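Enquirer: Kindly generate the corresponding structure for this input.
(chains A, B, C and D)
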Number of protein chains: 2
Amino acid sequence: MPQSTKESPYHHGNLRQSLIDAALELIAEKQDAKTLSLREVARRVGVSHAAPYRHFADKEALLAAVAEEGFHLLLDYLHRAMVHIDEPARRLQASGVGYVRFAIAHPSHYRVMFSTLQVDYLNYPGLNEAGAKAFAVMVDEIMAGQAAGQMKTGDPQKLAWVSWSLVHGLSMLLIEHQLPLTDEQDIEALAEFATQSSMEGLRLGDGP
Amino acid sequence: MPQSTKESPYHHGNLRQSLIDAALELIAEKQDAKTLSLREVARRVGVSHAAPYRHFADKEALLAAVAEEGFHLLLDYLHRAMVHIDEPARRLQASGVGYVRFAIAHPSHYRVMFSTLQVDYLNYPGLNEAGAKAFAVMVDEIMAGQAAGQMKTGDPQKLAWVSWSLVHGLSMLLIEHQLPLTDEQDIEALAEFATQSSMEGLRLGDGP
DNA sequence: CAGTAATGTTGTCAGTGTAAACATTTAGGG
DNA sequence: CCCTAAATGTTTACACTGACAACATTACTG
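Expert: Numbering: from 1, shown residues only, chains lettered A, B, ... in the order given. All right, here's what the predicted structure looks like:
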């Protein structure tokens, strides 16, 4: 693969990924995913305004690719957060912290992941699968927690929705600057506290 | 105020609110706030495409008005959910259920409230204030709960963020059809369960 | 080495947000 | 009551966008 080093070769060589990267850059600069223009992305990459259509059916498809990349990254964060932890309940909590950590580390990805979505999800099998995999992490830990007698019984999916809702809501609020927190330490601490609380709520206890 | 009943009077009479209503209609039809066009709103109302600019500085301002209306509605739901309940912890939980109930009853409002937001919030004092008022409901109940010795000590805002995150996340997931629930009963039950769990997590207990 | 598939470009079109100039109606003070 | 100013709507115009079609260049495969 003779990567041309000439000034501006007719073929870009890696346009698909470059477009994804440029989109993320622009979203980060404007702190806004909804005003992103495909033509601007093309300009940023230094390519004609129609070139992106050779790699993406339409603008939405580009955003779907960004979202999918985001889910792969998220999965990574979840796994890294849980490694070296054994107790299922604590693993679940750690994954929650990892989730929030991902969101604040990759806000542009996160914005696209959860504002593009709507119906589309199903139109992009890769995206759909990546999302499902991330969600499955939580479900798995909950099932393990139940098996170990650490967590409330009941539909594991339902319990997972509750956990997911918490970290998703927290991430959204943080990313959209709804919470006046900027220091990373404070954010981590809040995430720790929130997931800890949620955990206690889902724990098997003497209940009401 | 001689409301003209002629075919199409030059002056609409109530254009501002009609635009808000039409915007909500269109968002509901497309299940999507981001593809809304100002010109389409104008067409729906039967007015020229520049008429909206007599009432809103730009498209964003119209959406801000929709969001503000949404927050007033939300406040209503919160209050109605708590009335007739005395115990602060249970009031907080009920408000959470009310929150979710609002979101699924007024998804178009909700979509605008939490996708327009970004920086803008501060640019629209009315919106900002309405949002703060809704959030304050949760903070107040938490403070009451702490005073009554029912809830964990600590910054009430921080506890409120946790509660808010949960119901916000749950609402988002429900509205964007990320959770395969459609029956209103099931949704209510999930909201009950989630807020109940969260409540137990925040409750004063023998915790670790 | 030929010719086809892949990739990028130019030109075009309808639709959008917004501003400016113009038109109509309403309201209030003489 | 009239007459003018403010409020409200309309028309026209412009730059920008997403998307498509026709064309140009390059890469790859038999």
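Enquirer: which parts of whichever strand or helix holds A:Val167 are buried?
Expert: Using DSSP states H and E, A:Val167 falls within helix A:156-175. Using 16 or more other CB atoms under 10 Å in any protein chain shown as the test for burial, helix A:156-175 gives A:156, A:158-175. Heads up, the C-betas are built off the backbone N, CA and C, glycines and all.
Enquirer: Find the nearest non-adjacent residue to the residue of chain A found nearest chain B, please.
Expert: Using CB to the nearest CB, the point where chain A gets nearest to chain B is A:Gly169, with a distance of 2.8 Å. Spatial nearest neighbour of A:Gly169, excluding adjacent residues (CB to CB, 6 or more residues apart in numbering or on different chains): B:Gly169 at 2.8 Å.
Enquirer: so the one you found touches A:Val162, yeah?
Expert: No. Counting by CB atoms under 8 Å, B:Gly169 stays clear of A:Val162, with 9.2 Å between them.
Enquirer: which bits of chain A sit near chain B?
Expert: A:31-32, A:34, A:114-115, A:117-119, A:152, A:158, A:161-162, A:164-170, A:172-173, A:176-179, A:190, A:193-194, A:196-202, A:205, A:207-208 (CB under 8 Å from any CB of the partner chain).
Enquirer: Spell out which residues make up each domain of chain A.
Expert: Following automatic domain parsing, chain A resolves into domains at A:10-56, A:62-202.
Enquirer: Kindly confirm my reading that A:Asn128 is in a helix.
Expert: Yes. According to DSSP: H, G, I helix; E, B strand; the rest coil, A:Asn128 belongs to a helix.
Enquirer: Check for me that A:Asp86 belongs to a strand.
Expert: No. In this structure, A:Asp86 is coil, not part of a strand, as judged by three-state DSSP.
Enquirer: how near is it to B:Ser37?
Expert: Separation of A:Asp86 from B:Ser37 (CB to CB, to the nearest Å): 54 Å.
Enquirer: rewinding a little: A:Tyr99 versus the residue nearest to A:Gly169, what's the distance?
Expert: Taken as CB to CB, the span from B:Gly169 to A:Tyr99 is 11 Å.
Enquirer: what's the overlap in contacts for these two?
Expert: Residues within reach of B:Gly169 and of A:Tyr99 at once, by CB atoms under 8 Å, 6 or more residues apart in numbering or on different chains, are A:167-168.
Enquirer: Now do stretch A:195-204, average pLDDT.
Expert: Average pLDDT, stretch A:195-204: 83.
Enquirer: list the buried ones in it?
Expert: A:195-203.
Enquirer: where exactly do the strands run in chain A?
Expert: Assigned by DSSP state E, chain A shows no strands.
Enquirer: just for it, where's the confidence low?
Expert: Within chain A, the ranges that satisfy pLDDT under 70 run A:1-8, A:10, A:116-120, A:204-208.
Enquirer: What residues does A:Val139 make contact with?
Expert: Taking CB under 8 Å, 6+ apart, we find A:Val139 in contact with A:156-157, A:160.
Enquirer: For it, give its distance to A:Ala160.
Expert: 5 Å.
Enquirer: quick one: is stretch A:28-36 near DNA strand D?
Expert: Yes. Using CB under 7 Å from any atom of the strand, stretch A:28-36 reaches DNA strand D at A:Leu36.
Enquirer: And DNA strand C, is that stretch touching that?
Expert: No. For a cut-off given as CB under 7 Å from any atom of the strand, stretch A:28-36 has no contacts with DNA strand C; the smallest distance is 9.9 Å.
Enquirer: most tightly surrounded among the domains of chain A?
Expert: Burial of these is given as mean neighbour count (mean count of other CB atoms under 10 Å in any protein chain shown); domain A:62-202 ranks first at a mean of 20.
Enquirer: how much distance is there from it to the middle of the chain?
Expert: Chain-centre distance of domain A:62-202: 8 Å, with CA atoms, centre = their mean, to the nearest Å.
Enquirer: for stretch A:36-49, same thing?
Expert: For stretch A:36-49, the distance to the chain centre is 24 Å (CA atoms, centre = their mean).
Enquirer: export it as CSV, just CAs?
Expert: C-alpha atoms of stretch A:36-49 as CSV (Å, rounded to 0.1, in the frame of the first residue of the first chain):
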residue,chain,number,x,y,z
LEU,A,36,-22.5,19.8,12.4
SER,A,37,-22.4,20.2,8.7
LEU,A,38,-21.2,17.5,6.4
ARG,A,39,-19.7,20.0,4.1
GLU,A,40,-17.7,21.5,6.9
VAL,A,41,-16.4,18.1,7.8
ALA,A,42,-15.3,17.7,4.2
ARG,A,43,-13.7,21.1,4.2
ARG,A,44,-11.8,20.2,7.4
VAL,A,45,-10.4,17.1,5.8
GLY,A,46,-9.6,19.0,2.6
VAL,A,47,-11.8,17.1,0.3
SER,A,48,-14.7,18.0,-1.9
HIS,A,49,-18.2,18.4,-0.5
